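Enquirer: Provided below for reference: sequence and predicted model.
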Amino acid sequence: MKKNKGIIFTGFVIGLISVLLVKAGNPGNMGFCIACFLRDTAGALGLHRAEAVQYVRPEIIGIIIGAFVMSIAGKEFKVKGGSAPLTRFVLGFFVMIGALMFLGCPLRMILRLAGGDLNAIFGILGFLSGIFIGVQFLNKGFSLKGNYTLPKTEGYILPSVAVILFILLVAFPSILLFSEKGPGASHAPIYLSLISGLIVGVLAQRSKLCCAGGIRDVIMFRDFHLISGFLAIFIAALIGNLLLGQFKLGFVDQPIAHTDGLWNFLGMGLVGFASVLLGGCPLRQLILSAEGNIDSAITVLGLVIGAAFAHNFGLASSAQGPTSNGKIAVIIGFIVVSLIGYFNIEKSSEVEIKEAVEIEI
């Protein structure tokens, strides 16, 4: 019971912080979006040329540092890697392709619905469907094999990069690229964003919050623990949006969203499918990487490169809708992820499968 209260508390805090960040300047229904924030950061570093989405998001920096410090304090910082790193990179790449088709990660999907964006319903249905498909592979024995202990210095690299990025942002901003209009130009004050990220990183690390893992656990084990955190995010964000006048119910004219239901469904379907095979959604991968999981760090790198690739080659959607290139990329993504699932199936007992799934999160 105490454990459930902890993740519900985490969800409420994240939901409220997300609403306040929008009030403070972040794009609508984007108090937190791991996919969007990684994309913006990639743009600020010149990895893509989309001028509307270029800004080093302090929230990402805060999440990494917060989770890193908390894992050290809780003696959970364990540096491991070597579990199919290149495969995880590819899966992370296609998670981002799906997310930028929908225009948001699972966290923003919930926040969009809490803001009244009914297009998120199609994303949720797709996400559920993708996770269901992924669970079928898990039940058949899908595994990316075990990892092994690595030198601790490996685990310090990502937190160090986060610190360096923050120093560049506040002390040497001329080195970076900044959007003058569009989503990248909309942001809360730097230190408010950083503090918000630190809080989310600390709470998400302690609670093991994961949307994909939560739905997977409901399907596989009838365990509602993890999903309760995301339900709390929705309730808190909904209440906050209503109180602050940020709630707008409907399909059209929603902030940074399009109304193509089919591709919202398929985009988040790809995110859900690949996230289950990875063992966690983008937020969870970011937290795990801060805890010393090098395989998750490789996944995060795949997300970043996926964002850069999507914007350099016209795969990302916009408020006008999905692109033809983006549709092709999502279809290719389903094929590639399915092949990865098929070729990594091992014959395992039901107990071994359950243990493997629990180790991932």
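Expert: Now that the structure is in, tell me what you want to look at.
Enquirer: now the helices: where do they sit in the stretch 1-150 of the chain?
Expert: All helices of the stretch 1-150 of the chain, identified by DSSP state H, counting those that start in this stretch, fall at 2-23, 34-44, 58-73, 85-102, 106-114, 119-139.
Enquirer: The second one packs against which elements?
Expert: Using 3 or more C-beta pairs under 8 Å, 6 or more residues apart in numbering; DSSP states H and E as the contact criterion, the elements in contact with helix 34-44 are helix 58-73, helix 85-102, helix 106-114, helix 282-290, helix 294-312. Bear in mind the C-beta positions are built from the backbone N, C-alpha and C, glycine included.
Enquirer: okay if I get those helices as CSV plus mean pLDDT?
Expert: CSV is the format used below for the helices and strands packed on helix 34-44 (pLDDT from 0 to 100):
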stretch, mean pLDDT
helix 58-73, 98
helix 85-102, 98
helix 106-114, 98
helix 282-290, 98
helix 294-312, 98
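Enquirer: Of all those helices, which one comes closest to Lys23?
Expert: For the helices and strands packed on helix 34-44, the distance to Lys23 is smallest for helix 106-114, at 13.0 Å, taking C-beta to C-beta.
Enquirer: what's the residue nearest to the spatial centre of the chain in contact with, if anything?
Expert: Centroid-nearest residue in the chain, with C-alpha atoms, centre = their mean: Pro282, separated by 2.6 Å. Listed by C-beta atoms under 8 Å, 6 or more residues apart in numbering, the contact set of Pro282 reads 34-35, 38, 95, 99, 105-107, 275, 300, 303.
Enquirer: Next, find the distance separating it from Ile34.
Expert: Pro282 is 4 Å from Ile34, where distance means C-beta to C-beta, to the nearest Å.
Enquirer: low-scoring stretches of the chain, by residue?
Expert: Along the chain, segments meeting pLDDT under 70 span 1-3, 347-361.
Enquirer: at 90 what do you get?
Expert: Residues of the chain meeting the criterion pLDDT under 90: 1-5, 146, 346-361.
Enquirer: If we ignore the residues flanking it in sequence, what's nearest Ile298?
Expert: Nearest non-adjacent residue to Ile298, counting by C-beta to C-beta, 6 or more residues apart in numbering: Pro85, 4.6 Å away.
Enquirer: The one you found contacts Ser296, correct?
Expert: No - using C-beta atoms under 8 Å, Pro85 is not in contact with Ser296, being 10.1 Å away.
Enquirer: Give me the more crowded residue out of these two.
Expert: More neighbours surround Ser296 than the other of Pro85 and Ser296, with 27 against 18 (other C-beta atoms under 10 Å).
Enquirer: contacting residues around the more buried one?
Expert: 88, 280, 284-286, 288-289.
Enquirer: Sort out which of those are buried, if you could.
Expert: Neighbour counting by 16 or more other C-beta atoms under 10 Å classes 88, 280, 284-286, 288-289 among those as buried.
Enquirer: So which of the helices and strands packed on helix 34-44 is nearest Gly146?
Expert: helix 294-312 (10.3 Å).
Enquirer: Tell me what angle that closest one forms with helix 85-102.
Expert: Taking axes from the mean of the first three to the mean of the last three C-alpha atoms, to 10 degrees, one finds helix 294-312 and helix 85-102 inclined to each other by 40 degrees.
Enquirer: Closest one of the buried ones among the contacts of Ser296 to Leu21?
Expert: Closest approach to Leu21 among those (C-beta to C-beta): Leu286, at 16.8 Å.
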